[in-house]
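Colleague: dropping the sequence and predicted coords here.
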Amino acid sequence: QHPLYKSVECSLFDGTVAFTDGIDQACSLSKAVKRIGFPESVLNLASKIPLPKCFENHLSDCIMHGERYDPTLEKLPRLFDPVIFWTNYFPYRVHGTPLLTRGKIILDNLFRTAHLMALQHSQLLNLRYDRDEPLSAMLEVDENKIPFVLRSEPHIIVQSSEPIKPWTKAAGLSNIKVPDTAPINPRIDLTSDHIYNDNVVLPRAKENLFIDTVLWYHEQNQKYPWTIEQLAAKAIMVCFGAAVAQATRHGQSNFETLIDQPVVTRAIQLTNGRLDLVVFQLNTLDLGSNSQCKNIAWIEPGLQLYKCGKFTENLDSVKDLNMDTFRKFMALLLVR
């Protein structure tokens, strides 16, 4: 038996099960008002970001580093053929860089590029980031319901010495409805498990830092790939988990404090050349129906950065590179 095992049961989100009702289900679980698209101020900032000359070539190199230049040689899974789907047979097995490794390399390069460009203009100072560290938070939903645990392991957890300013006022959300998934129970896709950690699991948890952004790569299942809605739902839930971890990292659970000082976290998910960008503003930890205070989530789902090919083939060049997606990615990091 695991030394941290506890007999208390919990509902667990760990990002391994696709949500049936997508974004609405994630918003219902986190008691968040849904906003598709970022505010105009962020989009205006994205359009005004000056990029160096020949920056497209540099961005292509960042992507090609993961898609082709990495020297890793591991036996890759068999390619699933949608025509002869009833068999696992494929004429040959290939060796190369696994998809997860490719995605992590590309995310590293994208974040490093944006960060170094910002440092040249004295922005994004005093950031701390950790790679492949666990992130776990626990939330008491109701007295009658079992605890809600959110676990993930993002590739990069960025923390800052200053919190992100709230994007909107919590008081203005009281008359806006949270998405309703009836007759589907929003907890239908959560798994049953036991509590292992009572406290927040987070790198540098005892330091006076604030979770800024979490970045990770989602590897699609060949036979049952997730839809854009399901991927966006996962991004919202991981971002929500980061916000809960930040709000409770020092043991605070005062609902009234969050109304005056909301917690804002951001999440970036890469999947097969597409980015999901999420901003979550945590105004309350009380997810019960009695409380009028609501959270809010902004989501830019399925933004194509580039067109990727089969994982069993080398990418000769980056196709359909979308600079607007990178501008939104960088604008999201710059908005404080």
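Modeller: Perfect, I can see it now. Residues are numbered from 1 along each chain as shown.
Colleague: where does this protein have its least confident helix or strand?
Modeller: Across the helices and strands of the chain, mean pLDDT, DSSP states H and E gives its lowest value to helix 255-260, namely a mean of 72.
Colleague: output the contacting helices and strands for whichever helix or strand comes after that helix.
Modeller: Going down the chain from helix 255-260, the next helix or strand is strand 263-271, by DSSP states H and E. In terms of contacts (3 or more C-beta pairs under 8 Å, 6 or more residues apart in numbering; DSSP states H and E), strand 263-271 is packed against helix 99-119, strand 210-217, helix 228-248, strand 274-282, helix 323-334. Yep, even glycine has a C-beta here, placed from its N, CA and C like the rest.
Colleague: include mean pLDDT and distance to residue 29 when you put the ones you listed into TSV, please.
Modeller: Converted to TSV, these look like this (pLDDT from 0 to 100; distance: least, C-beta to C-beta, whole Å):
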stretch	mean pLDDT	distance to residue 29
helix 99-119	97	26
strand 210-217	98	18
helix 228-248	97	7
strand 274-282	98	12
helix 323-334	96	23
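Colleague: including mean neighbour count and distance to residue 167, could those go into TSV?
Modeller: Converted to TSV, these look like this (neighbours: other C-beta atoms under 10 Å; distance: least, C-beta to C-beta, whole Å):
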stretch	mean neighbour count	distance to residue 167
helix 99-119	19	19
strand 210-217	24	14
helix 228-248	25	13
strand 274-282	25	6
helix 323-334	20	11
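Colleague: residue 41: which of the ones you listed is closest?
Modeller: When those are compared for distance to residue 41 using C-beta to C-beta, the nearest one is helix 323-334, at 9.4 Å.
Colleague: if we can go back for a sec, need the helices and strands packed on strand 263-271 in a markdown table (columns: distance to residue 198).
Modeller: Conversion of the helices and strands packed on strand 263-271 to a markdown table gives the following (distance: least, C-beta to C-beta, whole Å):
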| stretch | distance to residue 198 |
| --- | --- |
| helix 99-119 | 30 |
| strand 210-217 | 19 |
| helix 228-248 | 10 |
| strand 274-282 | 20 |
| helix 323-334 | 33 |
